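Undergrad: Could you look at this predicted model? Sequence included:
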Amino acid sequence: MALVKDRAIILSTRPFGESDKIVRFFTVTSGKLSGIAKGAKKSQKRFMNTLEPFNQVRIEYFEKATSTLVRIENADLEESNGGLEVNLKRICVASFFTEFVDKLTKEKQKNEHLFDTLKTILKSLKTIEFTVTDILYYELQMLEHLGYLPNLATCVHCGKDLSDAEKLYFSRERGGTLCPGCSGSVPHRQYPRGFIPRMVTLNDARIDHRASRHGHADGHEYPRGGPRVHEAPTGGYPLAGGVERATRAPMIAENAKGFERLGTEILEDFVGFHLAVELKSYRLLKRVTG
């Protein structure tokens, strides 16, 4: 039984007995794990304020072949969750993404890209107020890292490449867009012109990691949350909030809200149907984000 050392993000904790904790955490090299931290509720040395949700830690644990739980030996704080507690919205967004990773990954399923994305989200959330568009962007990124991204490029029934003007029909059951011809024979929902192309643009946007200072005494810099889109959008749904454009068009609040509402709806429906998971944090997240 060798000691394993890794970097991890704490997903959730719960008490176990009088002094222990059960901890779910997501690591760089071993994926999601569950472990028991003996004496964590009373420890003033090994686990002092480290095994808390959203913390990033350097963790040490022992793994037994006969047990589904690893034994957490030590955890050193690398990045605390300080800054998330300032308002309910930040906590809800952080809870949504940690639950997203927890529910959509299997035990010991390594995914470094997913780890890095979750790390970026939690770090950015400490200083940035995420918009719904930011949340949609990172949700698409996570679905892509997990291999569950819906097909928004071709007809999922006949395989035809679709122009932006043809991207009107989305089949939850088939997991992607339909051409006008196939839409007559496959269950689907029709969306406003320009909405699905905006989802494609949002997913293809690259993050601008220009650090911006936020007045921290230690001078620490955090990347801006959300993507920066370098082309002016087409259609009637401009991006909003934390998303910046090199070419800015006049912002129409109603269109931005409409895009966010439909984006939230299509992804929630897709995830619920195909992955058969219900995210407890989703309902509260929608309430605090309007």
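TA: That came in fine, so what should we check first?
Undergrad: The longest strand anywhere in the chain - contacts with which helices or strands?
TA: Selection of the longest strand in the chain by residue count, based on DSSP state E, yields strand 3-16. If you count contacts as 3 or more CB pairs under 8 Å, 6 or more residues apart in numbering; DSSP states H and E, strand 3-16 packs onto strand 20-27, strand 31-37, strand 56-62, strand 70-79, helix 88-104, helix 112-125. Just so you know, the C-beta spots here come from the backbone N, C-alpha and C atoms, and that holds for glycine as well.
Undergrad: Can you check which of those gets nearest to residue 265?
TA: Closest of the helices and strands packed on strand 3-16 to residue 265 is helix 88-104, at 15.4 Å (criterion: CB to CB).
Undergrad: Name the SS class of the nearest residue to residue 136 once chain neighbours are set aside, please.
TA: The spatially closest residue to residue 136, leaving aside those adjacent along the chain, is residue 263, at 4.5 Å (CB to CB, 6 or more residues apart in numbering). Classification of residue 263 into helix, strand or coil gives helix, according to DSSP: H, G, I helix; E, B strand; the rest coil.
Undergrad: do you know how far residue 263 is from residue 120?
TA: Taking CB to CB, to the nearest Å as the criterion, residue 263 is separated from residue 120 by 20 Å.
Undergrad: try residue 103
TA: Counting by CB to CB - residue 103 and residue 120 are separated by 20 Å.
Undergrad: Okay, now stretch 46-60: how far is its last residue from its first?
TA: For stretch 46-60, the separation between the terminal residues is 11 Å (CA to CA, to the nearest Å).
Undergrad: List the buried residues of it.
TA: By 16 or more other CB atoms under 10 Å, the buried positions in stretch 46-60 come out as 46-47, 50-57, 59-60.
Undergrad: residues contacting the nearest residue to residue 21 once chain neighbours are set aside?
TA: Closest residue in space to residue 21, ignoring its immediate chain neighbours: residue 40 at 4.0 Å, by CB to CB, 6+ apart. With contact taken as CB atoms under 8 Å, 6 or more residues apart in numbering, residue 40 is in contact with 19-21, 23, 46-47, 51, 72.
Undergrad: Output these as a markdown table; include the columns pLDDT.
TA: Formatted as a markdown table, the contacts of residue 40 follow (pLDDT from 0 to 100):
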| residue | pLDDT |
| --- | --- |
| 19 | 89 |
| 20 | 93 |
| 21 | 94 |
| 23 | 97 |
| 46 | 75 |
| 47 | 83 |
| 51 | 93 |
| 72 | 96 |
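Undergrad: Would you check how far apart residue 131 and residue 290 are?
TA: 10 Å.
Undergrad: just to revisit the earlier point, lowest-confidence one in the buried residues of stretch 46-60?
TA: In terms of pLDDT, the weakest of those is residue 46, which scores 75.
Undergrad: What sits closest to it if chain neighbours are left out?
TA: Counting by CB to CB, 6+ apart, residue 74 is the residue found nearest to residue 46 once chain neighbours are left out, at 5.3 Å.
Undergrad: wait, what's in contact with that neighbour?
TA: Contact analysis of residue 74 by CB under 8 Å, 6+ apart lists 46-47, 59-60.
Undergrad: tell me which residues in the helix or strand harbouring residue 256 are buried?
TA: Take DSSP states H and E as the rule and residue 256 turns out to sit in helix 253-274. Taking 16+ other CB under 10 Å as the basis for neighbour counts, the residues of helix 253-274 that come out buried are 255-256, 259-260, 262-264, 266-268, 270-271.
Undergrad: And those residues, which is closest to residue 114?
TA: Nearest to residue 114 among the buried residues of helix 253-274 is residue 271, at 14.9 Å by CB to CB.
Undergrad: Which of the contacts of residue 40 sits closest to residue 11?
TA: Of all these, the one with the least separation from residue 11 (CB to CB) is residue 23, at 8.2 Å.
Undergrad: I'd guessed that closest one sits against residue 32; true?
TA: No: counting by CB atoms under 8 Å, residue 23 stays clear of residue 32, with 11.2 Å between them.
Undergrad: Of those two, which one has the most company?
TA: residue 23 (30 against 23; other CB atoms under 10 Å).
Undergrad: and that one, what are its bridge partners?
TA: Beta bridges link residue 23 to residue 13, residue 35, judged by DSSP bridges.
Undergrad: residues contacting it?
TA: When contacts are counted by CB under 8 Å, 6+ apart, residue 23 touches 10, 12-13, 34-37, 40, 51, 72.
Undergrad: From those residues, pick the one nearest residue 198.
TA: residue 12 (33.3 Å).
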